[in-house]
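> Sequence unavailable; structure follows:
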C-alpha cells in the first residue's frame, strides 16, 4: 500500500493543477501521458488502464469531426466561407442548367426532362443541405441532431432520385439513338419522375420512423442489415448496372456504324450523340464522387471506420452536386451557349426602344422612350429612330403620316429531329 500512495498522490495533484497546465491541446496530451505512466507503475493495473484510456479517446474523435459542421480543426470562418461558396456556386450553376433546357432550342426535347430532374436534385443539396450547415456554424451551435437528420434524409432522397434518373436518362438515350420507338409522352415522363420522388421519399423516411437504417449522425446503431441490402440492390446496384449497359451498347454500336464509309447521319444525330456522351460523363462523375463513401459505408457495417474518414468522404460525395452543372457547360456546346446567354441575361442589360402612336392628327410625333429589357437567346435588338441613320426623329412612316411599328424579328424554328435506327445491322 505504501508503494501505491506516492503515484496516487501525484495523480491527484496533477488533476488538481490540470487546468493551467492543459491550456493547449499538446499540454492536455502531456497530462494524459503522465497520468497514464503513473498508473502503469501501479502493479497489475497497466493493461486495464490502457483499455480505459483508449476507450475514452473515441468521443474526442467524434467531437473533432461533426457530420454538420465539418472538422473543428478548421476555423469557423474557413468552414463558413467554404460552405457558402459551395452553396452559391452550386445553386447558381444548377439554376443555369435547368434554365438551359428551357431556352435552348436544341435542348427542348422530352427526354431532357430527366437531365432537369438530376439538376433539381442537385439544387436541393446546394440550396438546403449545404446552407443548413452554414447556418449552424454561423449561429455558433457545434452540433444539432435535428439538422443532421434533416440533411441526411434529404441527401438520401436526392441520391436515390439521381441514381434512378441517370438510369432513365441512359435508357432514353438508347431509344433515341438506336431504336425506332417513339419518345415517351410528356405525361408519362412527368408521372415517372413523380413516382421516383415519392418512392425515394418514403424509403428514406422509413429509416427515421422505425430506426431500420444505420445511424448516420451518431453512428451508434448499425441498423437492419437486410433492409439496407435490399435498398442497395433495388435503388443503387440495379440502376447503375442498367446505366452502364445502355451506354456501353450505344458507344459500341455507334462506333461500328461510323466505321462504314456509307454512314452519313444527319446533324441532329450528332447533337444527340454529343449530349449522350455528356450524360455518360455525368454518370461517371457521380460514381467517382459517391463510390468512396459507398465503400466506407459498406465496410463500416463490419469494421470500425474513424469519423474523420467517414464524414469527410460523405461531404466529398455531397459536393458532387456543385460540379455536375460545370461538367455540362464544359462538355456540351449547346449547354455552353445557353449558359453564355443566361449570363448576359442576368448581368448585361440591353437598351432598346419603343415608339408610341400619335394621339392627334397634327403630324407631330411624341418622343420615343427607351426601356431596359433582357432578350434571350438571340439578342434581337431594336434601335430607336433617334439613334438610327435617319437623323433626329425620323424613321419609317406609313402613307397616313403615322409611324409604323418595327417589324418583329422571327426566330427560325429548329430543324425537325430525325431518328437514325439500327435495323438488321444497317443504319437507316
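Cool, the structure landed. Quick caveat, the model's predicted, so the values are computed rather than measured.

> just for the chain, where's the confidence low?
1-63, 142-143, 348-428 (pLDDT under 70).

> how about the strands of it, start to end?
65-66, 70-71, 350-354, 369-373, 422-423, 426-427 (DSSP state E).

> Check the gap between the nearest residue to residue 200 once chain neighbours are set aside and residue 224 for me.
For residue 200, ignoring the flanking residues on the chain, the nearest one in space by C-beta to C-beta, 6 or more residues apart in numbering is residue 160 at 4.1 Å. In this view, the C-beta of every residue, glycine as well, is placed from N, C-alpha and C. Per C-beta to C-beta, to the nearest Å, residue 160 is found 17 Å from residue 224.

> just to revisit the earlier point, and the residue nearest to residue 200, what does it touch?
With contact set as C-beta atoms under 8 Å, 6 or more residues apart in numbering, residue 160 has these partners: 200, 203, 204, 235, 236.

> what's the neighbour count on residue 117?
23 (other C-beta atoms under 10 Å).

> so it touches residue 192, yeah?
No - if you go by C-beta atoms under 8 Å, residue 117 and residue 192 don't touch, sitting 9.4 Å apart.

> Can you pull the residues that touch both of those two?
By C-beta under 8 Å, 6+ apart, no residue touches both residue 117 and residue 192.

> check contacts around the residue nearest to residue 89 when sequence neighbours are not counted.
Closest residue in space to residue 89, ignoring its immediate chain neighbours: residue 322 at 5.7 Å, by C-beta to C-beta, 6+ apart. Going by C-beta under 8 Å, 6+ apart, residue 322 touches 86, 89, 90, 93, 122, 126.

> next one: residue 286
Here residue 286 is in contact with 162, 163, 166, 320, 324 (C-beta under 8 Å, 6+ apart).

> quick one: residue 285 and residue 341, what's the gap?
On the measure of C-beta to C-beta, residue 285 and residue 341 end up 24 Å apart.

> next one: residue 307
For residue 307 relative to residue 341 (C-beta to C-beta), the value is 45 Å.

> what's the answer for residue 218, then?
47 Å.

> Likewise for residue 114?
22 Å.

> Residue 258 too?
31 Å.

> out of these two, which sits in the more crowded spot?
residue 341 (21 against 12).

> Hmm, residue 103 and that one touching each other?
Yes - between residue 341 and residue 103 there is a contact under C-beta under 8 Å: 6.7 Å.

> Closest to residue 135 out of the contacts of residue 160?
Of all these, the one with the least separation from residue 135 (C-beta to C-beta) is residue 204, at 21.9 Å.

> What is the neighbour count of the residue nearest to that closest one when sequence neighbours are not counted?
Spatial nearest neighbour of residue 204, excluding adjacent residues (C-beta to C-beta, 6+ apart): residue 156 at 4.2 Å. Residue 156 has 20 neighbours, counted by other C-beta under 10 Å.

> Could you check how far residue 156 is from residue 235?
For residue 156 relative to residue 235 (C-beta to C-beta), the value is 9 Å.

> tell me, what's touching these two both at once?
Joint contacts of residue 156 and residue 235 (C-beta under 8 Å, 6+ apart) are 200, 203.

> so which of the contacts of residue 286 comes closest to residue 246?
residue 166 (10.0 Å).

> show me what contacts the closest one?
Residue 166 neighbours (C-beta under 8 Å, 6+ apart): 118, 239, 243, 279, 282, 283, 286.

> 7 Å instead, please
118, 239, 243, 283, 286 (C-beta atoms under 7 Å, 6 or more residues apart in numbering).

> Which of those fall within helices?
118, 239, 243, 283, 286 (DSSP state H).

> check contacts around the first one.
This points to residue 118. 162, 165, 166.

> In helices only, show me those.
162, 165, 166.

> Quickly note the distance from the second one to residue 203.
For residue 165, the distance to residue 203 equals 15 Å [C-beta to C-beta].

> How about residue 277?
Following C-beta to C-beta, the distance that separates residue 277 from residue 203 is 31 Å.

> quick one on the thing from earlier: ok, the contacts of residue 160 vs residue 97, which is closest?
residue 200 (20.4 Å).

> Can you give me the neighbour number for that closest one?
22.

> next one: residue 92
Neighbour number of residue 92 under other C-beta under 10 Å is 17.

> Could you do residue 104 as well?
22.

> Correct me if wrong: it contacts residue 336.
No - contact criterion C-beta atoms under 7 Å: residue 104 and residue 336 do not qualify, at 9.9 Å.

> From residue 78, how far out is residue 148?
21 Å.

> Those two: who's more crowded?
residue 148 (21 against 13).
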